[in-house]
Structure formats: C-alpha cells, structure tokens
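Q: generate a structure from the sequence data that follows.
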Amino acid sequence: MSPSQKAKIIRENAKELIREKKIEEMIGEIGELVYTGSYALDLMTWNDLDLQIVLKKGLNPVEELGKVLLHFAYDPDIIETQMIHFKGDYKPKMPRGIYLGIQLNTPRFGGLWKIDLWVLQEADFEENRELIRQLESRLTPNNRELILEIKHELMKNNRIPQRGSHVLYQAVLFEGITEKKAIYRYLENEGVKLA
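A: Below you'll find the model as predicted:
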C-alpha cells in the first residue's frame, strides 16, 4: 500500500471519529472549529487530529475547554486527557494558548487516537492559519508523495518525532529540498531527533 493510500484510510477514519464523537456539533456551541495540521493538509500518517477553536466573544477558554474535557470524560473510549496553558515561557517554540490533549482507544477507527485541541491567542492563530494556507498552496502530487513517504520512515512508536512534520514541511515546501539525504540532514540540523 502506498503512503497516499495509507493517508486516505487514516483521514477517512478521522472523519468517522469526528462524526461519531460529534466534535463539530460540540465545538459549534462555543465557537468556530478550524482543522489544522496533517488533517487539513491531507498528509496524515498516524492517528493524530489537530483542531483549533475560535471562541465566541466573551467566553473563557479554560471554562470552555473544561466543558469539552467533561464531554470526553464520559466517553467509553477515553484513555487520558491533559490540559496545558502555554504562556510563552514553557516550551517557547510552542504557540501561546490553552491546549487540551485527548487520547482515545477506538479499534473501529484504527486504534489509538490523539486529539489536540487549541484555543490560541489571536496572533498565534492567524500565524498558523496563514502557514497552513502557504503550505497548501505549495503542495503538488510529487512533493505530497515525498512528504508522506518520509513521514512514514520517521515513524517511531506509531508517531512522528516532535516537530518532525513541521520541519519536514519547511524543508520540502519552503526550501525546495527533494533529495532524501539532504532532507534528513535538514531535519537533524533543526533539532529533530531521528534516532
């Protein structure tokens, strides 16, 4: 099975997960749901769903993510949740905002799933939205297949190393690097742990 065929299966599983867990309806009550990351770019290689929420005016992000957390707390597939307030001093390369991480075990949708929900500060949200637009505009069938192939090669313990996808997109889509050895050198130089 080719990397793009695998990506298609994972994305279909993600759509079913979103539908069954009523994620769009739940988030719609508190704001706008924005898909980001590999789901938005159609570059999925593992069960990881990245979502951002633009809250309705006047709502408190901690309170609203608390409601989302409570919704998932009663889900029979839940394994664990984590909430982190990224203020810029903790993991400075991360965006500023409130993060809710959810892990589910759903064999009917391909096994373990990690859902990352963010309520970002406006500047960080706009920066991410613009980045996704730029990445999308640079994707071609050839570089998409190259990215998926390398992402599969990078998989360890069923996931990509931290920042691996982001740096890989930079290498291929912004730097124009297409030779695998050069891409791996770029990843190492940018601090992605390959071993």
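Q: ok, what's across the strand from the residue nearest the centre of the chain?
A: Centroid check for the chain by Cα atoms, centre = their mean gives Asp50 as the closest residue, at 3.2 Å. Applying DSSP bridges to Asp50 gives these bridge partners: Thr36, Asp116.
Q: which SS class is the residue of the chain most remote from its centre?
A: The centre of the chain is farthest from one residue, Gly58, which by Cα atoms, centre = their mean lies 26.4 Å away. What DSSP: H, G, I helix; E, B strand; the rest coil gives for Gly58 is coil.
Q: kindly report the same for Leu43.
A: coil.
Q: tell me how far it lies from Lys181.
A: Distance, Leu43 to Lys181, by Cβ to Cβ, to the nearest Å: 21 Å. All C-beta spots, glycine's among them, are computed from the backbone N, C-alpha and C.
Q: what about those two, which has more around it?
A: A direct count of neighbours by other Cβ atoms under 10 Å for Leu43 and Lys181 places Leu43 higher, at 22 against 8.
Q: for the more buried one, give its distance to Leu104.
A: 21 Å.
Q: pretty sure Ile53 contacts Glu29?
A: No: applying Cβ atoms under 8 Å as the test, Ile53 and Glu29 come out as separate, 10.7 Å apart.
Q: spatially nearest residue to Gln52 (excluding sequence neighbours)?
A: Val34 (4.4 Å; Cβ to Cβ, 6 or more residues apart in numbering).
Q: quick one: contacts for that neighbour?
A: 51-54, 125, 129 (Cβ atoms under 8 Å, 6 or more residues apart in numbering).
Q: that one in helix, strand or coil?
A: strand.
Q: from Glu175, how far off is it?
A: 26 Å.
Q: likewise Ile78?
A: Relative to Glu175, and taking Cβ to Cβ, Ile78 is found at 40 Å.
Q: same check, this time on Gln103
A: 33 Å.
Q: just to revisit the earlier point, select from the contacts of Val34 every entry located in helices.
A: Among those, the members found in helices (DSSP state H) are 125, 129.
Q: which one among the contacts of Val34 gets closest to Asn189?
A: Distance to Asn189 across those (Cβ to Cβ) is lowest for Arg129, with 27.4 Å.
Q: which strands and helices sit next to the worst-scoring helix or strand of the chain on mean pLDDT?
A: Across the helices and strands of the chain, mean confidence by mean pLDDT, DSSP states H and E is lowest for helix 122-138: a mean of 87. Counting contacts by 3 or more Cβ pairs under 8 Å, 6 or more residues apart in numbering; DSSP states H and E, helix 122-138 packs against strand 31-36, helix 37-41, strand 48-55.
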